[in-house]
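A.B. asks: how would this look folded up:
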Amino acid sequence: MKLTLIFILFFSFLSCQTSEKEFIVTDYDFDGKEYENTIQKIDIDFINIDFKLMRAHFNVPYYFPEKFIDSKYKNQTITTWRNEDEKADEFLENFKNNNWTHTYKYDYESKIVEYSYSGCMICSNMPYNYKVTYDENKRVIKLKNTTSEKQKFEFKYNSNGDIIELKLYSSKNKLKKQITLK
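C.D. replies: Sure thing, here's the model as predicted:
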């Protein structure tokens, strides 16, 4: 009985532990030349290194859908309004009410292949339109913004599905930031 209790307590203790991961964060200037290289340590509670973790700790990528694959939406385009009750047919009416849309385009495998936000170029709600590229394991390997800043993100994964490298490119296709799991 005591041995069982000790065993349970020991594994309960292990399951509550966090794992510290180190990331090398490299920033580049406008010409794509390295100007800063730092190491950032993050305590991870046995979760995958995914888009949400990258945004929470490195603020990139900032815009992405909750799920990239959703079996409910095969070969569909879904548009959601900020406020469904104020939806109007006229652009100026939507502009006046700050009623922007999110649009998600799904392919035959229920993967998002493009997502956008209508936003506003002259206000603080910048529009975006990302094209999404996947690898053979249906993991996102590239996000390319085709409007406004025209940024591009590239991702590499380990066998566990963790993001081990994230690269951010400028509109001129120059490397701006690289985040690598050490």
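A.B. asks: can you pull out the helices in this structure?
C.D. replies: Counting by DSSP state H, the chain has helices at residues 2-15, 51-58, 91-96.
A.B. asks: Tell me who's in contact with the spatially most central residue of the chain.
C.D. replies: In the chain, the C-alpha nearest the mean C-alpha coordinate belongs to residue 51, at 4.0 Å (C-alpha atoms, centre = their mean). Contacts for residue 51 (C-beta atoms under 8 Å, 6 or more residues apart in numbering) come out as 61, 64, 140, 163. For the C-beta atoms, the positions are set from N, CA and C on the backbone; glycine is no exception.
A.B. asks: Dump these into CSV; add neighbour count and distance to residue 78 as well.
C.D. replies: Formatted as CSV, these follow (neighbours: other C-beta atoms under 10 Å; distance: C-beta to C-beta, whole Å):
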residue, neighbour count, distance to residue 78
61, 18, 20
64, 18, 15
140, 23, 18
163, 20, 26
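A.B. asks: Taking those residues, tell me the two that lie furthest apart.
C.D. replies: Greatest spatial distance in those: 64 and 163, 12.2 Å, computed using C-beta to C-beta.
A.B. asks: returning to what we had before: mind checking which of the contacts of residue 51 land in strands?
C.D. replies: If you go by DSSP state E, the contacts of residue 51 have 140, 163 in strands.
A.B. asks: which of the contacts of residue 51 lies closest to residue 33?
C.D. replies: Taking C-beta to C-beta as the measure, residue 33 lies nearest residue 61 of the contacts of residue 51, at 22.9 Å.
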